Every structure is written in C-alpha cells, then in structure tokens.
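# give me a 3D structure for the following:
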Amino acid sequence: MVLLKLAFRNISRNKRRSWITILSVGVGLGALIFLWSFGDGTNYQMRENVISLSTGHIQIHAKGFEKSLSPELLLPEHDPVLAKLQTLPEVLAKTERIRFEALIGTSEHSRGVLLVGIDPLHEPAVTRLEKFMVRGSYLAPRDPRSVLIGSRLAEKLKVDLGDKVVVMTQTIDGTMSGFAFRVRGIFHAGSQPLDEMTAFISLPASQELLGVENRVHEIVLRLKNSNLVPRVKANLGSKLDPNAIEVLAWNEIIPEVEQWVSWSEAVIRTILMAVMVVIGVGIMNTVLMSVFERKKELGVMMALGTSPFQIFLLIVLETLILEFFGILLGLIGGTLVTYYFSIVGIGFPELEQAFSRSYMSTVTYTRVEFAHVVQSVITLVLMASFIGLYPAWKAGRTEPVKAIYHS
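Reported below is the predicted structural model:
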C-alpha cells in the first residue's frame, strides 16, 4: 500500500509529462480500436455483400458444376434435397436457380454474360438484389420475357428500360437457343461481376431456354447467421450423396474475399505492433526520466533500508498506473469514435470503381469485434510493461552513496 501511494505521488510530481504519456497511450489504443473497427466493418460488409448479393450462405450443386458451369450438370431430383432442407431449423430461406453462360445483345452491341434464372417469389428472401434496382422494377412471377441487367451492362449494350435484347445460348443437347427479352429493370450493386457481367431472368424462362423442363442447377440457402455455415454444411454433407452432389459454403465459391480479409488483418496487426513499440518506448522514456530526476531520492530510500526489489516494484507500479489510465482513456475514446462512425459511416464514393472488383462498399460502417479490442489491450500491456522493465531494473541497481551525492 505504501509503495502504491508513493507511485501515485511520484506520477503527480510532473503532471505535464504524466499526462503526455497517458494521452500517448490513450490516443494510440483509441486509434488501434478505430483501425480494427474500420477493418472489421469493411470485412463484415464485404462478406455480407457476397452473401446477400450473389452466393447466399450455402449452395447445393451437382458435383463439379461450380468449377465448370456446364449446363448439363443439373441437380439430380432436387425435390428430395428440398425435403431434407425442411428438417434444418438453421435454414431461414432457400431458392432454386439456373446458371449458365450466354450471349446478350442488340443488333449493334453484344456481350457475354452469366445468365441467372431466379425464382422471383423466393429469391428476395435469400439475396437482396431487389434493393439495388435503380430504374424499373424487379422480375414478376408471371413475366417470362423480362430481364434485369446491371447499370454497366446497360451502358455497354446502350439499352434502357423497355428495350429489346436477344439472349442466345447452347441447350444441353448442343443446339442453339435464343429468345427476345424486354429490359424490365436496371440495378446497380457496386460490384463489377454483377453490374457488368450478370443478367437475371425468371426461372421458367431459363429452363425453357436451356430445354431442361423443371430441373435446376443449384439450391441457394440463407441461414439465420453466418456462424452456422460450417455446422449446416457438415450436416448436409452427411445427408446428401457426395458422389452426385456438392455442398459449398459462400467462401468456397468466392475465396478471394477471405484472402482479402486475411491480408487486411495482417496489415492491421503489423500496424498494431509498430504502434505498441512507439507507445512502449514513450512510457520507458517517461519513467526513465523520472528515475534519473529522482536518483538522489532513490539513493536516500535505499540507504534507509528500502530493498532494490522494492525500488524495482515501485517503478513497475508507476508504469502500470500510467498504462491503466492511458488504456482507460483509449477504450472510452476509441469506443465513442467507433460508435459514431458505426452510425454515420465513412464514405469513399470516388473509389467505387476500384472497390467494385472486391465487393467492397463505398460506405463503411465501423464494427467493434470484442476479441480484437481485448487483443489490442493485452498486446499493449505486455509490450509497454516489458519495455518499462528497463527503467525499473535501472532504478533497482542504484548505488546509495553515489546516488546521494549525485548532482
């Protein structure tokens, strides 16, 4: 208790220096919390964009379909699969799709696209493409000759609402098939794969175009939350025939997103370590200067019977007190700033074209992951405490006689 009182008294001697140290720790930790929250927010939105705009949480295909996109790889008797899905409480919604490569164009312009046949009734419960319509309207259940195209694809084809486009592809028996469609809606998702290279028609129209009657290429699932993906995938894998059917999680379909997340977290950890070293050196400098200024006082204390270990412990306590108040300040400041930007967001509208290649949003809402905050605090305490051991060791080696006569 006496050492603790002495530690507080020594810190309060030079309030300016102590506050500078506390502020440096607080600002550093607050900046790290904000940096983590910005990265976590970006990564979360990127994952959600992939899941909500394209893949759903889990997809069920005929084996090998995702790699080849071969139109003849249809799900074998998908009704039993749907029946098995009814037994899974984790599944929030499901929809069926047809996916194949096709040529879409007018008499003057044409582009190769991924044509997706969707169920207009069930698709909105799985993906939220409907919310990104900028002109026109979403597909209607009984409108077999309408198509939705992205804003960039509309620019490439030079078409607008109501214009006629022709879709051509090869049926599963090898013959050419083509139908005329009217542009019912134009969407802008901010993702290049969707806005420029994907078009949507109704499921019956796609089945007619391919000549596959009532069969489908995939079943797409939306779960109650993303954490359930591994469990549901394993459960489905045990219920379905692995030789005929493949069950893929969203990050297996578009692995680039998880690679980007891993890279961004590695960058943040590198910055974290650099900031921790700077903060630790700052604390060491403050405590070392305090020890140097009090050299005579420390010598008197040791001459009066204070042991070197008690001197060492006193300096360690001073370091920990400075860290404690700095961490408290950083947690409060970092949380407040993060909370503010979790509501208003941080916009980068000028970077939309660059972000469109990676499913990143132009407005990022910060998101605090508790584990990352704890990781930052623990790393800061360990780093700063370790670096702060040197001044304590230096003080503990003080020779009383030399210290007393130190000028």
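
# measure residue 248 to residue 284 for me?
51 Å (Cβ to Cβ, to the nearest Å). Heads up, the C-betas are built off the backbone N, CA and C, glycines and all.

# same question, residue 209
Residue 209 sits 71 Å away from residue 284, going by Cβ to Cβ.

# in the helix or strand containing residue 42, what's buried?
Using DSSP states H and E, residue 42 falls within helix 15-50. For helix 15-50, a neighbour-count test (16 or more other Cβ atoms under 10 Å) marks 17-18, 21-47, 49-50 as buried.

# also stretch 127-142?
Neighbour-count burial for stretch 127-142 flags 127-129, 132-133, 136, 138-139 (criterion: 16+ other Cβ under 10 Å).

# among those residues, which are in strands?
Within the buried residues of stretch 127-142, residues falling in strands by DSSP state E are 133, 136.

# re earlier: who has more neighbours out of residue 248 and residue 284?
Neighbour tally, residue 248 and residue 284, criterion other Cβ atoms under 10 Å: the higher count belongs to residue 284, 20 against 16.

# nearest residue to the more buried one other than its sequence neighbours?
residue 387 (4.8 Å; Cβ to Cβ, 6 or more residues apart in numbering).

# who are the contact partners of that neighbour?
Residue 387 makes contacts with 277, 280-281, 283-284, as judged by Cβ atoms under 8 Å, 6 or more residues apart in numbering.

# of all the residues you listed, which comes closest to residue 346?
residue 277 (27.2 Å; Cβ to Cβ).

# circling back: redo the contacts of residue 387 as TSV? Include secondary structure and pLDDT.
Below are the contacts of residue 387 laid out as TSV (DSSP: H, G, I helix; E, B strand; the rest coil; pLDDT from 0 to 100):
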residue	secondary structure	pLDDT
277	helix	77
280	helix	73
281	helix	75
283	helix	73
284	helix	73
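
# what about burial for these, which qualify?
Neighbour counting by 16+ other Cβ under 10 Å classes 280, 283-284 among those as buried.

# show me the helices in the stretch 1-150 of the chain, by range?
Along the stretch 1-150 of the chain, counting by DSSP state H, counting those that start in this stretch, helices occupy 2-13, 15-50, 65-68, 78-85, 123-126.

# one step back: out of the buried ones among the contacts of residue 387, which is nearest to residue 185?
For those, the nearest to residue 185 is residue 280 (56.7 Å; Cβ to Cβ).

# thinking that closest one is in contact with residue 383, fair?
Yes. Contact criterion Cβ atoms under 8 Å: residue 280 and residue 383 qualify, at 4.8 Å.

# for the residue nearest in space to the middle of the chain, give me its contacts.
Nearest to the mean C-alpha position of the chain, by Cα atoms, centre = their mean, lies residue 43 at 1.3 Å. Going by Cβ under 8 Å, 6+ apart, residue 43 touches 260-261, 264-265.

# these in helices, which ones?
Among the contacts of residue 43, the residues falling in helices (DSSP state H) are 260-261, 264-265.

# export the residues you listed to JSON lines and tack on neighbour count?
Shown next, in JSON lines, are the ones in helices among the contacts of residue 43 (neighbours: other Cβ atoms under 10 Å):
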{"residue": "260", "neighbour count": "16"}
{"residue": "261", "neighbour count": "18"}
{"residue": "264", "neighbour count": "16"}
{"residue": "265", "neighbour count": "15"}
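
# need the residues you listed in CSV with pLDDT and distance to residue 105, can you?
Listed next are those as CSV, based on pLDDT from 0 to 100; distance: Cβ to Cβ, whole Å:
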residue, pLDDT, distance to residue 105
260, 79, 33
261, 77, 37
264, 78, 38
265, 79, 42
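
# shaky segments in the stretch 151-300 of the chain?
290-291, 293-295, 297-300 (pLDDT under 70).

# tell me where it has strands.
164-170, 176-187, 198-202, 218-223, 245-249 (DSSP state E, counting those that start in this stretch).

# quick one: buried residues of the fourth one?
This means strand 218-223. So, applying 16+ other Cβ under 10 Å, buried residues of strand 218-223: 218-223.

# the longest one too?
Neighbour counts using 16+ other Cβ under 10 Å place 177, 179, 181, 183-187 of strand 176-187 among the buried residues.
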